[in-house]
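Enquirer: I need the structure of the sequence given here:
(chains A and B)
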There are 2 protein chains.
Amino acid sequence: MKRILLTISIALVTANLFAQTDPVDYVNPFIGTTNYGTTNPGAMCPQGFMSVTPFNVMGSPENKRDKDTGWWSTPYSYDNSVFTGYAHVNLSGVGCPDMSSLLLMPISGELEVDYKKYGSKYKDEKATPGYYTNFLTKYNIKTEVSATPRVGIARFTFPKGQNHILLNLGEGLTNETGAMVRKVNDTEIEGTKLLGTFCYTQNQAVFPIYFVMRVSKAPQKSGYWKFQRPGGEWEKDWNKDAGTYKIYTKYEKEIAGDDVGAYFTFDCAEGETVEVQMGVSFVSMENARENLEKEQPKPDFNAIRLAARKMWNDDLSRILVEGGSEDQKVVFYTGLYHMLIHPNILQDVNGQYPAMESSEIKTTKENRYTVYSLWDTYRNLHQMMTLLYPDRQLQMVRTMIDMYKESGWMPKWELYSRESLTMEGDPAIPVITDTWMKGLRDFDINTAYEAFIKSATTPGPQNLLRPDNDDYMKLGYVPLREKYDNSVSHALEYYMADWTLAELANSLGKKEDAEKFYKRSLGYKNYYSKEYGTFRPILPNGEFLTPFNPLQGANFEPNPGFHEGNAWNYTFAVPHDIPGLIKLMGGKKSFVDKLQSVFDNGYFDVTNEPDIHYPYLFSQIKGEEWRTQKLVTEILAKHFTNTPGGLPGNDDTGTISGWAVFSMMGMYPECPGKPDYTLITPTFSKITIKLDPKYYKSDKVVINVIKPQDVAANYIKEVRVDGKTLNGYALSHEALTGAKEITYILKPSK
Amino acid sequence: MKRILLTISIALVTANLFAQTDPVDYVNPFIGTTNYGTTNPGAMCPQGFMSVTPFNVMGSPENKRDKDTGWWSTPYSYDNSVFTGYAHVNLSGVGCPDMSSLLLMPISGELEVDYKKYGSKYKDEKATPGYYTNFLTKYNIKTEVSATPRVGIARFTFPKGQNHILLNLGEGLTNETGAMVRKVNDTEIEGTKLLGTFCYTQNQAVFPIYFVMRVSKAPQKSGYWKFQRPGGEWEKDWNKDAGTYKIYTKYEKEIAGDDVGAYFTFDCAEGETVEVQMGVSFVSMENARENLEKEQPKPDFNAIRLAARKMWNDDLSRILVEGGSEDQKVVFYTGLYHMLIHPNILQDVNGQYPAMESSEIKTTKENRYTVYSLWDTYRNLHQMMTLLYPDRQLQMVRTMIDMYKESGWMPKWELYSRESLTMEGDPAIPVITDTWMKGLRDFDINTAYEAFIKSATTPGPQNLLRPDNDDYMKLGYVPLREKYDNSVSHALEYYMADWTLAELANSLGKKEDAEKFYKRSLGYKNYYSKEYGTFRPILPNGEFLTPFNPLQGANFEPNPGFHEGNAWNYTFAVPHDIPGLIKLMGGKKSFVDKLQSVFDNGYFDVTNEPDIHYPYLFSQIKGEEWRTQKLVTEILAKHFTNTPGGLPGNDDTGTISGWAVFSMMGMYPECPGKPDYTLITPTFSKITIKLDPKYYKSDKVVINVIKPQDVAANYIKEVRVDGKTLNGYALSHEALTGAKEITYILKPSK
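Expert: Okay, here's the model as predicted:
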């Protein structure tokens, strides 16, 4: 590992500041920064919208991954080597390109504004929550970044002589282009850039980012650049700027274009520092300025860095773990760190935010959240919010209900108040139902229910969330109408959503609805092919798709009926009715054998959501729980490591990390909407979960793990809740949050 | 002539409005719109900055002239046939591309935003001052435009069904790109676009135009478009918009880019009209809105058109001509019309304007002028302002002095507060001196003099206006230091400027300066080659350039020492010392023969300024005046006609027209700074010049031309001023403006 990232080194770096090793010190922000984890080591605050991330994915053939030569969805790749600036406001753990713009780059010597030329190799890279640093070897510049929730800050330590700070508005991960920048005074510029078209799915899902940038020292010179269109052949004879970057040295009003930027030139003494603040808003430049002035009244880098560290440590300290290896602690806290990135706040310090699918600006008194990757996060991330940060989970739910009020639909994959319609299903229902069923009810359930009924019952053509609802409502399943239409995946999501909706209806006393949606939720049985023992696409004529290969679809290969997976990755994707599935498959043995074969044959895909609950399903069958315990321990050890490749694939805004974090805590909520956790062997010997007494009976639950001495013991012998032995392996949310102490007694073999 | 433009047809069109044929009715705005005249038939007010001009020079191979396939400097070409919208704010009679942006286009049917596809052929084209109309045959849309000084208005009469109004911000004549547009409400958008880099000479000479556009009817739909960069090959698989125009149907905040636009969609009844107002400012969008609201409180097309016509008629009526053919009247009034286009006002209705070479916004209580093509206009245009519109000429002079105060230099070729440094010399000196010598003195002559001394005496490297001043001051001439450095042309301008500066110094009692600059003004003699009888470049070693071809340089061919001309076009370019030149050339006969040979051999170039005074020089030699009278009459007849090709070349912001207008009036001020006119045969039998009694003794001078009956008579027999016979052919400005009646008595032969 070329970067020195271990706890020890971080402790050394910060030794003078922090006397002890806090949870925050166990975070390794480089985990997931290669191997398609798509996390990044940028500096940010928990759930702030600002992140300041090293951008090293463009401009050089020396980089392995390049946004200009192929699909690339993350601003940073650990195995790249050429840095082209800091990107402001980024997505973590996603599979589509967007955001990561306002690229801030320091350089030395002659002014160079072409990113294909100004990139630099770097060394001495380090990252801790809220802080990142490297040293640009081409320029001898030390760079450091930190952030408050809405405002970035960079500190550049320059060599003697002429140095420049560049703000590149032409590039970024986003598919959108076009920006405007305007000099406000010698040390401040403001502007806007268009972002959006995430995943290319909705080309109208675009939105502006506004910024105000300040440098801490008056520059010697400043100006803009803009790439000039090549023009006709004839034009080159006269226009020396045609087809190249023109530097604007005298012009000081606004400049707009596809590929524009601003520069500041400084004459520096050796080791002189310049700090750069970047205030951002999704409402206006005025708000960006207000965010900057309220959050960072002055560019005090060290104070801002310390404040960010404290915010992270406060959040991470909701769980304290003891025992386990140092690497396991790093994996655990880094996982929790990844879960605290998205959803993030959207509103400015004055409470303003852009309403969903609208040009209206609204004002909120609490947090308005954004970046809802709900097809992922409904599976465990919101469950973690509910457990550890119930106040935030409620605000996230209220945000979702507001989105419905503003746009007429619950979110699916919402990005900065635009619905990208990425992935499928109706995932707001399980999220909100899960929250409700766990007793967090301070939100407008009637409006939420109205929204759920709307998406569950509106005919397909008018149904934003369930476009194939006509088939689904009429047939109980979605037939394959186009070669690669993901029909089975769609329907499986609807079943899951309908089951949670039935649970909610029951809870609300709406018996008729409950019955109707419960019945619909069992429609998955239509897809079960006895011949193959898997789900199988159904043709419009009611017959199964033939020929059929249940293995087609691995490695994201296109596949009739299934999205991002093969039939095996979906056949157990009915966590709401495992007993029904067992019956369908011919009984418990057949079910267990089949499920075990998924793992034995290597069909299990830990990198994607449809099957991540599979290992837990064994625990629903008495006597087979050991399989869960064994598999989870193995998967954790194999796929979740303290290395840059230590996530098995896209982190999916914290969901894959969430799988590990819950698993390491010894519990997993494998059926959204069911307020239970399946218990498994914890990774640590002691886990203290701090609970919010505003919402939970207990303010702290301590998990103690008792192992036999001198023997490796990975299987659960017994679990005691406040001294009482638990019957089985399911622990209710109420029991968990009401307990003082949970004791896992382990045994060495099954 | 496919367009019906004659007085008679205009009279028919406007018969119900205007009972008589006014001067304005003699203007044919199509004169100069082909044959490189580079005028245009757009609608504007006298010296307003707004002009609304049909744009037909892009997007179709059916056009003969296309800005995208070669150097093209005018928004309209009479011999083109495909219209792609109305350009707002244009240059008239220039040889370099700039301005002509904010392209407003109406279309019918499906929305199409690609200018290569939406262009339309047209018919029924008509133009009168302040009004232009055509009928788009592709769309069956009648279009009409008019303007107030700062605000354009268009009226589109649509066919039944879906119609659209497009505002294309990606194209224009300007070399600059980049624009931003923002929806303000359903019927209003605002934005900005970058303009400048006129002639490509100063790539920092850029400036923004701001606009507010309103449509008179709420559209059914509206949105933006932006050309999307093609991206990598791989990107096309996902991004359906890559490399094409993306239509933004939902996004309503600002959009910026190289090639962006906005559209409004209307569902129209047959014959329904929509009016579009375009307020513009060079200060801010707020000022553009204020200009719009103050000048056009409502979109009343007819009233605005009538007001524009009245402004033109008032200005043109300063001279009334009688006799002469109808075509001659058209040529005359169209020429005067061309002289009233530039310089134009720059300030907004609130008096704000961008200061010269600065980002500062200043406020004026009078007119601030812009578009000073001084190398051209110092020769006759400002003389016409002085005579007919002295109040404006004074404001133009005060503007120039303010430019010096703001930027440190007098203007040379100023465009919207940026110095383009196009052409050469120090032309502010002759302009202001000429004004001063003619008794208009209400300006800060001391500051002007300070500016003149600065440019006359600052060493070359620091001298913006006279970059080769080191050589000039040391040697008395400028040697050829680079192959095509226009050295002789430069020096000839300095001589002229220095002579006028000497005149001014004399007038101010600065005898020493007067002597010094007078002496410098005679340095032209260095260039005279007895061998060739022409001026000839001098090498740095003091020897003449050898080999030398005095004919090189015709038709704008590059030429050592001379700019846009050959040695013959420059050899008589010392109007301030014709007696000296006569002596140099070996006496009057030799001079006359040589000058006559220029005409006889076809070396005379009526299309460019250096030699346009040549025909008048004969009048400085007693007995040879008939040559002037004969030549001017012939040139007028041959080159100035009532046809689209009726200007011999670039109108040079009215200077070439000015040659004709003065000539047709029977007088020409061939030596700037000398307050005299050389008298020649007037074109008309009676000319009434209304003078401003605030500045001149007489409030009206009537020129009567008495010809022998039944004989063609083109030579002057005698001129009487208020009854007294004039001695010679030079009439002083004081005598002209103090006279009541001037009588030209003609004779049939020399």
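
Enquirer: what residues are up against the residue nearest the centre of chain A?
Expert: In chain A, the centroid-proximal residue (C-alpha atoms, centre = their mean) is A:T653; its distance is 1.2 Å. Going by C-beta atoms under 8 Å, 6 or more residues apart in numbering or on different chains, A:T653 touches A:L91, A:S92, A:G93, A:V94, A:I341, A:H342, A:P343, A:V371, A:S373, A:D376, A:T377, A:L381. The way it works is simple: take the backbone N, C-alpha and C, and place the C-beta from them, glycine included.

Enquirer: Surely the first one forms part of a helix?
Expert: No - assessed with DSSP: H, G, I helix; E, B strand; the rest coil, A:L91 is coil; it does not lie in a helix.

Enquirer: Disregarding flanking residues, what is the spatial nearest neighbour of it?
Expert: A:M99 (5.2 Å; C-beta to C-beta, 6 or more residues apart in numbering or on different chains).

Enquirer: The one you found: helix or strand, and which one exactly?
Expert: Assigned by DSSP states H and E, A:M99 belongs to no helix or strand.

Enquirer: What degree of burial does it show, as a neighbour count?
Expert: Neighbours of A:M99 under the rule other C-beta atoms under 10 Å in any protein chain shown: 27.

Enquirer: now it: how far from chain B?
Expert: According to C-beta to the nearest C-beta, to the nearest Å, A:M99 and chain B sit 16 Å apart.

Enquirer: and stretch A:395-410, how far from the chain's centre?
Expert: Distance of stretch A:395-410 from the chain centroid (C-alpha atoms, centre = their mean, to the nearest Å) equals 19 Å.

Enquirer: do the same with stretch A:346-360
Expert: That offset, for stretch A:346-360, works out to 21 Å (C-alpha atoms, centre = their mean).

Enquirer: just stretch A:186-196 next, same as before
Expert: Worked out by C-alpha atoms, centre = their mean, stretch A:186-196 lies 25 Å from the chain centre.

Enquirer: And for stretch A:602-618?
Expert: When C-alpha coordinates are averaged (C-alpha atoms, centre = their mean), stretch A:602-618 and its chain have centres 19 Å apart.

Enquirer: for the one residue in the stretch 101-250 of chain A that gets nearest to chain B, what are its contacts?
Expert: Ranked by C-beta to the nearest C-beta, the top residue of the stretch 101-250 of chain A for proximity to chain B is A:G178, at 3.5 Å. A:G178 makes contact with A:K193, A:L194, A:A256, A:G257, A:D258, B:K226, B:I255, B:A256, B:G257, B:D258, B:V260, according to C-beta under 8 Å, 6+ apart.

Enquirer: go on, A:E235?
Expert: By C-beta under 8 Å, 6+ apart, A:E235 lies in contact with A:A242, B:N175.

Enquirer: Top of the contacts of A:T653 by number of neighbours, please.
Expert: A:L381 (31 neighbours).

Enquirer: in the helix or strand where A:L320 lies, what's buried?
Expert: In the assignment (DSSP H and E), A:L320 maps to strand A:319-322. Within strand A:319-322, the residues that count as buried by 16 or more other C-beta atoms under 10 Å in any protein chain shown are A:I319, A:L320, A:V321.

Enquirer: What of stretch A:545-554?
Expert: Buried residues in stretch A:545-554, defined by neighbour count with 16+ other C-beta under 10 Å: A:L545, A:F548, A:P550, A:G553.

Enquirer: Just the ones of the residues you listed in strands?
Expert: Among the buried residues of stretch A:545-554, DSSP state E puts none in strands.

Enquirer: Quick check: the farthest pair among those residues?
Expert: Taking C-beta to C-beta as the measure, the buried residues of stretch A:545-554 reach their widest spread between A:L545 and A:G553, a distance of 12.5 Å.

Enquirer: Would you double-check that the residue nearest to the centre of chain A falls in a strand?
Expert: No - A:T653: not assigned to a strand; according to three-state DSSP it is coil.

Enquirer: could you measure it against A:P644, distance?
Expert: A:T653 sits 19 Å away from A:P644, taking C-beta to C-beta, to the nearest Å as the criterion.

Enquirer: Could you find the closest non-adjacent residue to the closest residue to chain B within the stretch 551-700 of chain A?
Expert: Nearest to chain B in the stretch 551-700 of chain A, going by C-beta to the nearest C-beta, is A:P558, at a distance of 12.3 Å. Among residues not flanking A:P558 along the chain, A:Y484 sits closest, at 4.7 Å (C-beta to C-beta, 6+ apart).

Enquirer: Give the residue spans of chain A that score low on pLDDT.
Expert: A:1-20 (pLDDT under 70).

Enquirer: Ramachandran angles for the residue nearest to A:L91?
Expert: Dihedral angles of A:M99 (phi, psi; degrees, to the nearest 10) stand at phi 60, psi -150.

Enquirer: Next up, the contacts around it.
Expert: Neighbours of A:M99 in contact, by C-beta under 8 Å, 6+ apart: A:A87, A:V89, A:N90, A:L91, A:G172, A:L173, A:T174, A:L195.

Enquirer: which of those count as buried?
Expert: Applying 16+ other C-beta under 10 Å to those flags A:A87, A:V89, A:N90, A:L91, A:G172, A:L173, A:T174, A:L195 as buried.

Enquirer: Good, we can wrap up now.
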